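Engineer: Turn this into a structure:
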Amino acid sequence: MSKVSFFGALRLRTLDAIQRFNNVVQFGKSYRRDMAIVAIGGFPIGIGIEAFMQTTGYYEIRKRKEAERREITAAEVEECKYKLTMDLLRDRGFEINEFQTDKIVQKRQQEAIALRRQIIQQNEDRKKRIQS
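Structural biologist: Here you go, the predicted model:
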């Protein structure tokens, strides 16, 4: 009688289990049957992932990060518009008081940030009302 190592025995049992599974499921016999098995197995996995994402607050974090990214992009777009407008006016011979236009832009940016904070506060208040 030959000695079989623990890992050798484990490998043999695993191969035997795979062979029995293949005999029961019979992969490769029918494309529709294979897809049905994959769907039946994938559906509970998908539900589990969605449940995990809901309980950990993944979607709220994702929304906040996406809003921050959009806010930064909007600020960059506004800055580019401002620079292009200033260059265009300079090219056409207009004299521009940089200090005044900078103050206007800063004021608009502060207004946008204040509005964003107000919207965030309203959303938080709404969530608290829904939870209670």
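
Engineer: Buried residues, the helix or strand where Lys65 lies. List them.
Structural biologist: Secondary-structure element containing Lys65, defined by DSSP states H and E: helix 58-91. Residues of helix 58-91 classed as buried under the neighbour-count rule (16 or more other C-beta atoms under 10 Å) do not occur. C-beta: built from backbone N, CA, C; applies to glycine.

Engineer: Quick check: next helix or strand after the helix or strand bottoming out on mean pLDDT in the chain?
Structural biologist: Of all helical and strand segments in the chain, the minimum by mean pLDDT, DSSP states H and E falls on helix 6-25, at a mean of 70. Read in the C-terminal direction, the helix or strand following helix 6-25 is helix 31-56, with elements assigned using DSSP H and E.

Engineer: picking up where we left off before, give the other helices and strands that the helix holding Lys65 contacts.
Structural biologist: Secondary structure elements in contact with helix 58-91, counted by 3 or more C-beta pairs under 8 Å, 6 or more residues apart in numbering; DSSP states H and E, are helix 98-131.

Engineer: The helix it packs on packs against which elements?
Structural biologist: Other helices and strands packing on helix 98-131, by 3+ C-beta pairs under 8 Å, 6+ apart, are helix 58-91.

Engineer: how does the chain divide into domains?
Structural biologist: Structural domains annotated on the chain: 6-56, 60-131, as defined by automatic domain parsing.
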